[in-house]
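need coordinates for the below:
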Amino acid sequence: MLKIIFLILILVIAGFVVFSAYMREINPLNAYETKQIQINDANLEVLIADTEEKRTKGLMGVTELADGSGMLFIFPTVSARTFWNKNTLIPLDLIWIAGGRVVGVSSLPSITQSGNQIVSMPSPEAIDQVVEVNAGWAGAHGIQKGMGVRTK
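Numbers count the residues shown, from 1 in each chain. Modelled structure (predicted):
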């Protein structure tokens with residue numbers, strides 16, 4: 001009887017591992033941790049890109065981003081950064097952050113909007129975080145330089 005229970009437990013665990021791997025392959029964003037952040041009075045649920053691999057991949061290949069969601073890129077040091085639209089299929093707003101304050105907002109076209117030309121967008125100054133959201137979100141929520149950003 002103990003052997004049967006042990007075998008069932010192993011099969012359940014193996015099934016879970018296979019299912020998890022499958023879901024990450026179907027939607028690689030499932031592997032990202034999520035957090036709630038607030039910029040001024042606007043709330044966002046963000047995917048956390050806090051490793052080199054996650055920051056490099058970003059939102060490449062994503063065809064849709066839910067309203068009120070985005071991706072928060074967290075860097076280990078404060079430095080000037082450049083983002084690009086390689087394999088980026090949706091237009092984005094970039095909210096540049098340093099020390100918990102917005103230091104600028106930029107727009108980044110999708111690769112198709114730019115005629116398949118890669119567009120690079122430099123940060124306005126040294127930053128330690130960037131939030132990517134759907135294009136127009138920052139303007140619709142009045143996001144401006146100097147506003148505070150906090151994790152909820």
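
okay, CA-based contacts and neighbour counts for the rest of this
Fine.

can you give me the strands for the protein?
Here the chain has its strands, by DSSP state E, at 34-39, 42-49, 69-79, 82-84, 92-98, 101-108, 120-122, 127-134, 149-151.

so can I have CSV of the ones you listed showing mean pLDDT and distance to M1?
As requested, the strands of the chain are exported to CSV (pLDDT from 0 to 100; distance: least, Cα to Cα, whole Å):
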stretch, mean pLDDT, distance to M1
strand 34-39, 97, 41
strand 42-49, 97, 44
strand 69-79, 97, 49
strand 82-84, 96, 58
strand 92-98, 98, 57
strand 101-108, 98, 61
strand 120-122, 97, 63
strand 127-134, 98, 54
strand 149-151, 94, 49
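
out of these, which is closest to H141?
Among those, the nearest to H141 by Cα to Cα is strand 42-49 (6.5 Å).

partner strands of that closest one, with direction?
Applying DSSP bridges, strand 42-49 is found paired with strand 34-39 (antiparallel), strand 69-79 (parallel).

list the beta-bridge partners for the closest residue to S106 other than its chain neighbours.
Using Cα to Cα, 6 or more residues apart in numbering and skipping residues adjacent in sequence, the residue nearest S106 is L94, 5.1 Å away. Assessed by DSSP bridges, L94 has beta-bridge partners S106, E132.
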